[in-house]
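J.: A structural model of the following input is requested.
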Amino acid sequence: MVKPQFKRWYSSRDSSCDTKASIVLIGAGWWSQGWHLPHLHRNEEVTISAIVDSSPQPKSNLNPHLESLTTLATRYNCPIFHSLGELLQSPIGKSMDGALVCTPHATHYAIGVELIHEAKRRYEEDEKNYKPLSVLMEKPMTTDVSEAIELHRMLMERKNADKNSNEDDGDHTNTNQRIGGGIGCFLVNHSANFRPQARAAHELVETGKLGDIRHVTAFFASPLSWIFDDPSNTGWNEKRGSMLGNGFAWGQQSHILSWIYHVAGVETLIPSKVFCHMTKSDKTGADVSHAATVICSNGATFSLSGTSLLPGNAHSDPPVGKRIEIKIFGTHGALIYRGDDRDPSSGKLEWLRGDDEKEMGTVEVQCPDLGFEFEDLDQDGNGPASLQCFIDSCLGLEYYVGADSLTGLRSVQTIEAMYRSHVSGNCESIIDSTEEGS
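T.: Alright, predicted model coming up:
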């Protein structure tokens, strides 16, 4: 028996779609108004069904001219809600296809839990014909490792609920992409992970072209001192909840960590111990650079360094690009990916072959027509591939899982241990996740 509402999960992305995805945006700040809302509005396959924000007039030092919720409601022809609870009590909340969460980092967990509970309610109300709820969560998934563990556990619980139901019904439809149990997808918005280059790198590792991963080196420099040195940017610089620090590690390094874990194998490259030292801004106390060593459970190691001290502004006109360099070494080959994320001609994805004696050391360029691309910061068009994959999930189409809850968890575990190590001055063990899904 094939469930009707899932009949298009594995159809082609080019399939005609006679319905629109009903998507709610939670959080109407700088990034939502500058990127998410315009991207969704331009997409003919999307209806912006509602905007949720606790403030009638969102504010951000990164854009002092943000529009009010009333203005946004008129511009995007949708209702506004002042809390997620209010939304979920409405017909829109009970019928939406997806929720895009773009709120302060420390709020992600509570919002994620409410959305998972809504998906669970739908499933338990009608297991045969429930409407899945998909979620795209801004990075990082959380800033509290115990919260990240719990979110991942809850999602795996939903996946098992649907798997058990399918087995009871004799339904053996391939449902590996969707989580199930009410959840369509749960993606973290690490846009670099959804790029063709990341997909090509992941495939090389997954198919054994590099052998066993033994070492990774990674460097990430962002021209963002203007954010981390400004005391008024409290969301970027001040500790909240259980956070031992805030700054560049939470704000930026999650991008490169997520890419590494996705490409090298989130089930294989499992962090075990971390040693880290950070330097801080004299003006805010936010961390602005760090050097870390990560030891994985399989014996692999990687060195990680990053800084916001690159001169310039990533959002100026013209923008100054972020500089990224990632090297992944295996027993049978290596991957090198480096460049300026605002200049595709600055780099390329290289596979250094070690799997064939006749080809030993040969460099094969992957995705040669694309050059170097990392985060997708383009404000024009319909948005990054991560957003398109989320929309595809909402429409019941096939989509690429570039960053799921386990990828998000690995990044949170690593960054949290980096802060602990800096505070203690010692090598710190990763706070481990539940066994299920790890």
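J.: Tell me how many other residues crowd residue 203.
T.: 12 (other CB atoms under 10 Å). (Glycine included, C-beta is placed from N, CA and C.)
J.: so what's the backbone phi/psi at it?
T.: Torsion angles at residue 203 (phi, psi; degrees, to the nearest 10) stand at phi -70, psi -40.
J.: how would you label residue 198: helix, strand or coil?
T.: At residue 198 the chain is in helix, as set by DSSP: H, G, I helix; E, B strand; the rest coil.
J.: Distance check, it against residue 328.
T.: Distance of residue 198 to residue 328, given as CB to CB, to the nearest Å: 12 Å.
J.: Give me the common contacts of the two.
T.: Listed as contacting both residue 198 and residue 328 by CB atoms under 8 Å, 6 or more residues apart in numbering are residue 263.
J.: Let me see the contact set for residue 49.
T.: Taking CB under 8 Å, 6+ apart, we find residue 49 in contact with 22, 23, 24, 78, 92, 96.
J.: ok, these vs residue 126, which is closest?
T.: For the contacts of residue 49, the closest approach to residue 126 (CB to CB) belongs to residue 96, at 16.3 Å.
J.: What's the local residue count around the closest one?
T.: 24.
J.: ok, now residue 420?
T.: Per other CB under 10 Å, the neighbour tally for residue 420 reads 20.
J.: before we move on, what about the one 4 residues further on?
T.: The local packing count at residue 424 equals 12, with neighbours defined by other CB under 10 Å.
J.: how close does it sit to residue 291?
T.: For residue 424, the distance to residue 291 equals 16 Å [CB to CB].
J.: which other helices and strands contact whatever helix or strand residue 326 lives in?
T.: Assigned by DSSP states H and E, residue 326 belongs to strand 323-330. Judged by 3 or more CB pairs under 8 Å, 6 or more residues apart in numbering; DSSP states H and E, strand 323-330 is in contact with helix 196-206, strand 213-221, helix 254-264, strand 333-340.
J.: Would you mark the buried spots in the first one?
T.: Just to be clear, that refers to helix 196-206. Using 16 or more other CB atoms under 10 Å as the test for burial, helix 196-206 gives 197, 198, 199, 200, 201, 202, 204, 205.
J.: Contact partners for the first one?
T.: With contacts taken as CB under 8 Å, 6+ apart, residue 197 has the following neighbours: 337, 349, 366, 367, 370, 372, 373.
J.: Quick check, the last one in contact with residue 198.
T.: What it means is residue 373. No. Judged on CB atoms under 8 Å, residue 373 makes no contact with residue 198 at a distance of 9.1 Å.
J.: follow-up on the earlier one: for residue 180, find the nearest of the helices and strands packed on strand 323-330.
T.: Proximity to residue 180 (CB to CB) singles out helix 254-264 among the helices and strands packed on strand 323-330, at 21.3 Å.
J.: could you dump the closest one to CSV, C-alpha only?
T.: Written as CSV, here are the backbone C-alpha positions of helix 254-264 (Å, rounded to 0.1, in the frame of the first residue of the first chain):
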residue,chain,number,x,y,z
SER,A,254,29.3,25.9,12.4
HIS,A,255,29.3,26.4,8.6
ILE,A,256,32.6,24.7,8.1
LEU,A,257,32.1,22.0,10.7
SER,A,258,28.7,21.1,9.2
TRP,A,259,30.4,20.8,5.7
ILE,A,260,33.1,18.6,7.1
TYR,A,261,30.8,16.2,8.9
HIS,A,262,28.4,16.0,5.9
VAL,A,263,31.2,15.3,3.4
ALA,A,264,33.4,13.1,5.5
